[in-house]
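Novice: quick one, structure for this:
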Amino acid sequence: MENVDQMIIDSFANELNCSFSINKEFQNLSDLGPNQIIEGVIRCLWKCNPSTITTIPSYKMPGNAVDRFKIATRIAQEIKSLGINDSQIGYQTLLYPNVFESRRIFLALFERLPKEKVVVDEMKRSKFLMDLLSYF
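Specialist: Numbering: from 1, shown residues only. So this is what the prediction gives:
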């Protein structure tokens, strides 16, 4: 699971531009706190469905417990609206995360990220292979 965690952590920096990703102390999902988990989830939601930025305008959680509950509930609803029908995803999963649930949520969200980068990478790889073959 360390490889999966490292892939997720790398995605926070490379694809999602998370504010905490410049900090090299995060090696595993267990190193992240609730605020980092929520930021990662929100940034995934923004990438998967850009209109969610209107319903969840900030990745920072409020200090007020009632507002935190409302935002976490809204985030869980947005996750489910993407077709991630895990009945265990709710406000409590986001406010009190554990590594296993967080990993499951991130993997499901990553599957729904736009594929445009993959196409570009495949095009670069194809060009590289064609260039390589032209030398022979």
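
Novice: check contacts around the residue nearest to the spatial centre of the chain.
Specialist: For the chain, the residue nearest the mean C-alpha position is Cys44 (4.0 Å; Cα atoms, centre = their mean). Cys44 is in contact with Leu16, Phe106, Leu109, Phe110, Leu113, counting by Cβ atoms under 8 Å, 6 or more residues apart in numbering. (Each C-beta comes from the backbone N, C-alpha and C, glycine too.)

Novice: could I get the CA-only coordinates of the host helix or strand of it as PDB?
Specialist: For Cys44, the element it lies in under DSSP states H and E is helix 34-48. C-alpha atoms of helix 34-48 as PDB (Å, rounded to 0.1, in the frame of the first residue of the first chain):
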ATOM      1  CA  PRO A  34      -8.200  15.800   8.200                       C
ATOM      2  CA  ASN A  35      -7.600  19.200   6.700                       C
ATOM      3  CA  GLN A  36      -5.100  17.800   4.100                       C
ATOM      4  CA  ILE A  37      -7.500  14.900   3.300                       C
ATOM      5  CA  ILE A  38     -10.400  17.300   2.800                       C
ATOM      6  CA  GLU A  39      -8.300  19.600   0.600                       C
ATOM      7  CA  GLY A  40      -7.200  16.700  -1.600                       C
ATOM      8  CA  VAL A  41     -10.800  15.500  -1.900                       C
ATOM      9  CA  ILE A  42     -12.100  19.000  -2.700                       C
ATOM     10  CA  ARG A  43      -9.400  19.600  -5.300                       C
ATOM     11  CA  CYS A  44     -10.300  16.200  -6.900                       C
ATOM     12  CA  LEU A  45     -13.900  17.200  -7.000                       C
ATOM     13  CA  TRP A  46     -13.000  20.500  -8.600                       C
ATOM     14  CA  LYS A  47     -11.000  18.700 -11.300                       C
ATOM     15  CA  CYS A  48     -13.700  16.000 -11.900                       C
END
